[in-house]
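Trainee: Following is a predicted model, sequence given first.
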Number of protein chains: 2
Amino acid sequence: MTQDERVADRQAAEEMPWGEVTPDAARRLLVAAVEAFAERGYHATTTRDIAGRAGMSPAALYIHYKTKEELLLRISRIGHEKALEILRHAADGEGDAADRLAEAVRSFVRWHAGHHTTARVVQYELDSLGAEHRPQIVELRRRSDAAVREIIESGVRSGEFDVPDVPGTTLAVLSLCIDVARWFNTEGRRTPDEVGALYADLVLRMVGAEPRPAVAQK
Amino acid sequence: MTQDERVADRQAAEEMPWGEVTPDAARRLLVAAVEAFAERGYHATTTRDIAGRAGMSPAALYIHYKTKEELLLRISRIGHEKALEILRHAADGEGDAADRLAEAVRSFVRWHAGHHTTARVVQYELDSLGAEHRPQIVELRRRSDAAVREIIESGVRSGEFDVPDVPGTTLAVLSLCIDVARWFNTEGRRTPDEVGALYADLVLRMVGAEPRPAVAQK
DNA sequence: GGTTGAGCTGAGCGGGCGCTTAGGACCTCT
DNA sequence: AGAGGTCCTAAGCGCCCGCTCAGCTCAACC
């Protein structure tokens, strides 16, 4: 690997969606796998299909990944880490609980809508991971749950929110956001930003926050 | 078929979950398929597995169903018809819009939680149906959506609800209920009735209905 | 009591699956 | 020029898939 390539890799990691995956061939395979898994599901996708989409022979896949399942694991882990980062950023942000909850829902939904192919794989193909890989993913989900619960609890403590069942409401909020990946369609009438704004408003109503002026929407 | 068997069939159709599926062997195969599809997904389930769970040889499946996909289609259609029936019953019921919306959410969620194996197949394996079978299912879903939208629109008209975006809120309400099938676990801490009551309350908040006394919960 | 037909099984076909292996093209460094 | 290493392909192995088919059993009818 040359100096130039190393620089290119580092830039890619910072700017591109799957930039952390190198070398280039491994990333192309992974992007192809995301598309195929999202369209047809993990089990219905063949390694020949993935390799074909990446413009390679079936055998090339096994130079970069040990098995087909390792591809799913890498997709799932990167995706869950991104989801957790989005929620933690909102939970650690400025403003009162309502601001933070609205920002969490807005950005989380925006990601699920804007990257709905990735999100579909991340959220719905978890059961396809074997028992030896699943625990690390479940742990990431637990921390995502904790981030949202933290915001809601702080809102209840400050008196901003009226929430009789905090764990149940946390579950419902996350569930609502996650399901966006199932129904969102690029050809549909709503942009990811619009869905994010709508959902942020709905969630604030769910927690009994005082109505607030609509934020400027792009 | 004897007179007694015909009576037994009719009673079964009225009382049992999959009673409308006859003869008995076809129902056992279908129930086995529901379990297998819910656990592992349609594509990961083999016809040998289905037949094995039903205590039959692999070839027996093809006496009652033309293909593996026909099994999925029958499960999906019966499930969607049941879901639509639940929502229509609530939409056509007594009471004001808030009563009807709460009842719709409560019973719809109760069904998704209580029959979460069936619901998982019905709601998440739709893409596994080929293009020739999917339209009839999509039409049933359209009518479910219309039932919920109808209730919300009537609440807006009567001034009970405050809903800026009726189609978007309809989508969110259905999405919230449907996703119960993904996360609900029989070993979890909540009963289907409890989840139904919690979700009915959350949805009434989403549509800006006046707070109302909690209904008696079993 | 012989015939029929429905329901089922054992054996297996054709094919596509995940994955492996041997070897070749191309680059870098000596 | 040659060696060594990386990345890829062509071919194919062993397996299991969805599905078929000849033949068995047995209750229901003439």
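Mentor: Thanks, I have the structure now.
Trainee: For chain A, which residues score under the pLDDT cut-off?
Mentor: Along chain A, the model assigns pLDDT under 70 to residues A:1-15, A:21, A:212-218.
Trainee: Where does the residue most central in space within chain A sit, in terms of helix or strand?
Mentor: Among the residues of chain A, the smallest C-alpha distance to the mean C-alpha position (CA atoms, centre = their mean) belongs to residue A:83, namely 4.1 Å. Assigned by DSSP states H and E, residue A:83 belongs to helix A:68-91.
Trainee: just to revisit the earlier point, identify the residues contacting the residue nearest to the centre of chain A.
Mentor: When the contact criterion is CB atoms under 8 Å, 6 or more residues apart in numbering or on different chains, the partners of residue A:83 are A:108, A:111, A:122, A:140, A:144. Quick note: C-beta positions are derived from backbone N, CA and C, even for glycine.
Trainee: And the third one, how far from chain B?
Mentor: Counting by CB to the nearest CB, to the nearest Å, the gap between residue A:122 and chain B amounts to 13 Å.
Trainee: So what's the residue count around that residue?
Mentor: Using other CB atoms under 10 Å in any protein chain shown, residue A:122 has 30 neighbouring residues.
Trainee: between the contacts of residue A:83, which is closest to residue B:128?
Mentor: Proximity to residue B:128 was ranked across those by CB to CB; first place goes to residue A:122, at 19.4 Å.
Trainee: mind giving me the domain split of chain A?
Mentor: With automatic domain parsing serving as the domain definition, the record reports that chain A contains domains spanning A:3-64, A:70-206.
Trainee: Out of those, indicate the one that is most buried.
Mentor: With neighbours defined by mean count of other CB atoms under 10 Å in any protein chain shown, none of these is more surrounded on average than domain A:70-206, at a mean of 19.
Trainee: Can you confirm whether that one lies near DNA strand C?
Mentor: No. Among the residues of domain A:70-206, none lie within reach of DNA strand C under CB under 7 Å from any atom of the strand; the closest is 8.0 Å away.
Trainee: looking at it, residue A:202 is touching residue B:169, isn't it?
Mentor: Yes. Distance between residue A:202 and residue B:169: 6.8 Å, which falls inside the contact criterion (CB atoms under 8 Å).
Trainee: Identify the contacts common to the two.
Mentor: residue B:206.
Trainee: Serialize the domains of chain A to CSV and add fields for distance to residue B:60.
Mentor: Formatted as CSV, the entries for those read as follows, by distance: least, CB to CB, whole Å:
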stretch, distance to residue B:60
domain A:3-64, 24
domain A:70-206, 28
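Trainee: wait, which of these is closest to DNA strand D?
Mentor: Of all the domains of chain A, the one in closest proximity to DNA strand D, counting by CB to the nearest atom of the strand, is domain A:3-64 (3.0 Å).
Trainee: For chain B, tell me whether the closest one is touching it.
Mentor: Yes. Looking at domain A:3-64 against chain B by CB under 8 Å from any CB of the partner chain, the contacts come from A:40, A:41, A:43, A:44.
Trainee: Taking these, tell me the two that lie furthest apart.
Mentor: Every pair in the residues of domain A:3-64 next to chain B was compared (CB to CB); the two farthest apart turn out to be A:40 and A:43, at 8.7 Å.
Trainee: Now list whatever residues contact both of these two.
Mentor: The overlap between the contact sets of residue A:40 and residue A:43 (CB under 8 Å, 6+ apart) consists of residue B:43.
Trainee: In contact with residue A:118, which residues?
Mentor: Residues in contact with residue A:118 (CB under 8 Å, 6+ apart) are A:17, A:34, A:38, A:75, A:79.
Trainee: tell me which of these is nearest to DNA strand C?
Mentor: Within the set of these, residue A:75 lies nearest DNA strand C; the separation is 14.3 Å, counting by CB to the nearest atom of the strand.
Trainee: near DNA strand D, which residues of chain A?
Mentor: With the criterion set to CB under 7 Å from any atom of the strand, chain A comes near DNA strand D through A:23, A:25, A:51, A:55, A:56, A:57, A:58, A:59, A:60, A:63, A:64.
Trainee: So the residue nearest to the centre of chain A versus residue A:111, what's the distance?
Mentor: Between residue A:83 and residue A:111 the distance is 7 Å, computed by CB to CB, to the nearest Å.
Trainee: same question, residue A:172
Mentor: Counting by CB to CB, the separation of residue A:172 from residue A:111 is 19 Å.
Trainee: And residue A:33, by the same measure?
Mentor: In terms of CB to CB, residue A:33 sits 19 Å off from residue A:111.
Trainee: Could you dump the residues of chain A next to DNA strand D into JSON lines and include distance to DNA strand C and secondary structure?
Mentor: Written out in JSON lines, the entries for the residues of chain A next to DNA strand D read as follows (distance: CB to the nearest atom of the strand, whole Å; DSSP: H, G, I helix; E, B strand; the rest coil):
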{"residue": "A:23", "distance to DNA strand C": "13", "secondary structure": "coil"}
{"residue": "A:25", "distance to DNA strand C": "13", "secondary structure": "helix"}
{"residue": "A:51", "distance to DNA strand C": "9", "secondary structure": "helix"}
{"residue": "A:55", "distance to DNA strand C": "16", "secondary structure": "coil"}
{"residue": "A:56", "distance to DNA strand C": "11", "secondary structure": "coil"}
{"residue": "A:57", "distance to DNA strand C": "8", "secondary structure": "coil"}
{"residue": "A:58", "distance to DNA strand C": "4", "secondary structure": "helix"}
{"residue": "A:59", "distance to DNA strand C": "3", "secondary structure": "helix"}
{"residue": "A:60", "distance to DNA strand C": "9", "secondary structure": "helix"}
{"residue": "A:63", "distance to DNA strand C": "8", "secondary structure": "helix"}
{"residue": "A:64", "distance to DNA strand C": "11", "secondary structure": "helix"}
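Trainee: which of those residues sit farthest apart?
Mentor: Comparing every pair within the residues of chain A next to DNA strand D by CB to CB identifies A:23 and A:58 as the most remote, at 18.7 Å.
Trainee: mind listing the strands in chain A by residue range?
Mentor: Counting by DSSP state E, chain A forms no strands at all.
Trainee: how about the helices of it, start to end?
Mentor: Across chain A, reading from the start of the chain, the helices by DSSP state H fall at A:3-15, A:24-40, A:47-53, A:61-64, A:68-91, A:97-114, A:116-124, A:134-157, A:166-178, A:180-183, A:192-206.
Trainee: could you dump the ones you listed to a markdown table with distance to residue B:184?
Mentor: Supplementary listing: the helices of chain A in a markdown table, determined by distance: least, CB to CB, whole Å:
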| stretch | distance to residue B:184 |
| --- | --- |
| helix A:3-15 | 38 |
| helix A:24-40 | 24 |
| helix A:47-53 | 32 |
| helix A:61-64 | 36 |
| helix A:68-91 | 21 |
| helix A:97-114 | 20 |
| helix A:116-124 | 15 |
| helix A:134-157 | 15 |
| helix A:166-178 | 10 |
| helix A:180-183 | 16 |
| helix A:192-206 | 19 |
